[in-house]
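Visitor: Below is the sequence, then the predicted model.
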Amino acid sequence: MPFRFPLATVLRVRESVQRQEERALQKILLEMARLTHQIDRLTAEIAEAFNAEQRAMQRPIPASQVQMLVWTKQAAVEKRTALDRNRQTLGQQRDRQLKIYHAAYRNCETLSNLHDSQRDKYEQEKTRAHQKRIDDIFAARRQRG
């Protein structure tokens, strides 16, 4: 008789939930990495805009051009600030999702450990029964011979 785990369906459901929560966590982490990359790019853009503004102040140029440089830098700073807020929000979502994932992992691990221990017990009983049959056969042959 093969091993049957009475909670196999529950284990499969919990494994599925764990995978789903892990995917949700990975999605958040991917979005955070994307935002970090954008923030880094904007930081470099702001530094370049600042340098361009400083160079522009060294030579005579129209005020409208200087104003354009200031607006460009200001827009990049505002966008970076908004992205920083989004990243902080994602960080909070990541922390919540991490707790959810860990709970799903623990639930799955508990059932998995139960499954493993019951399977080990089944295998031991099967081995004992097999050894008993062999011993009985050996004892029967000994009595005949």
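Guide: In hand now; what should we look at?
Visitor: only C-alpha atoms for contact and neighbour calcs from this point on.
Guide: OK.
Visitor: Contacts for stretch 29-46, please.
Guide: Residues from elsewhere that reach stretch 29-46 (Cα atoms under 8 Å, 6 or more residues apart in numbering): 73, 76-77, 79-80, 83-84, 87, 90-91, 94.
Visitor: Generate a ChimeraX selection restricted to the buried subset of the residues you listed.
Guide: Burial among the contacts of stretch 29-46 is assessed by 16 or more other Cα atoms under 10 Å; the matching ChimeraX selection reads:
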select :73,76,77,80,83,84,87,90,94
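Visitor: So which of the contacts of stretch 29-46 sit within helices?
Guide: Of those, the ones assigned to helices by DSSP state H are 73, 76-77, 79-80, 83-84, 87, 90-91, 94.
Visitor: and the least confident of those?
Guide: Here the lowest pLDDT out of these sits on Lys73, with 89.
Visitor: quick one: contacts for that one?
Guide: With contact set as Cα under 8 Å, 6+ apart, Lys73 has these partners: 45-46, 49-50.
Visitor: These in helices, which ones?
Guide: Members of the contacts of Lys73 lying in helices (criterion: DSSP H): 45-46, 49-50.
Visitor: would you list those residues in TSV and tack on distance to His115 and neighbour count?
Guide: Below are the ones in helices among the contacts of Lys73 laid out as TSV (distance: Cα to Cα, whole Å; neighbours: other Cα atoms under 10 Å):
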residue	distance to His115	neighbour count
Glu45	56	16
Ile46	57	19
Ala49	62	19
Phe50	63	17
